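A.B. asks: any chance you can model this:
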Amino acid sequence: MNTLKKFELMEKIVRELEDLQNSQQALIQKIGKIEVDNIELGDNRLEKDLPDIHQNLADNLDTISGILDYFAGKTQNFGDKNNVDALKEQEAINNATS
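C.D. replies: Numbers count the residues shown, from 1 in each chain. Coordinates of the predicted model:
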């Protein structure tokens, strides 16, 4: 795999991790709303299980955020080290003259 293709794949993974992070945040918000609604309803099963679900989702979000920070930094460093901007410019020139 050439350098530019590798960088583009790394950027794609960063975007997918960002999407995953946003999805996880949305799930936490939904569980929170259900927990609030259940305060009024008072269902014992929801009262028992929802906090565990909420905690697991929060733990997953922390893990995803850590992976995203790591991989976004790795992607940026790879791009800087390999002068990806110049590679993109060269590819555009090659495509325009082909």
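A.B. asks: run a quick neighbour tally on residue 61.
C.D. replies: For residue 61, the neighbour count with other Cβ atoms under 10 Å is 17. In short, each C-beta sits where N, CA and C put it, glycine included.
A.B. asks: find the nearest non-adjacent residue to it, please.
C.D. replies: residue 24 (4.5 Å; Cβ to Cβ, 6 or more residues apart in numbering).
A.B. asks: tell me which element the one you found falls in.
C.D. replies: Using DSSP states H and E, residue 24 falls within helix 3-41.
A.B. asks: buried ones in that helix?
C.D. replies: Neighbour counts over helix 3-41 (16 or more other Cβ atoms under 10 Å) mark 7, 10-11, 13-14, 17, 20-21, 24, 27-28, 31 as buried.
A.B. asks: between helix 3-41 and whichever helix or strand comes after it, find me the angle.
C.D. replies: Next in sequence after helix 3-41, counting helices and strands by DSSP H and E, comes helix 44-81. Helix 44-81 and helix 3-41 are oriented at 160 degrees to each other (axes from the mean of the first three to the mean of the last three Cα atoms, to 10 degrees).
A.B. asks: let me see the mean pLDDT of helix 44-81.
C.D. replies: For helix 44-81, mean pLDDT rounds to 97.
A.B. asks: list of residues touching the helix or strand following that helix?
C.D. replies: Proceeding N to C from helix 44-81, the next assigned helix or strand is helix 84-97, under DSSP H and E. The list of residues contacting helix 84-97 from outside it, by Cβ atoms under 8 Å, 6 or more residues apart in numbering, reads 3-4, 7, 78-79.
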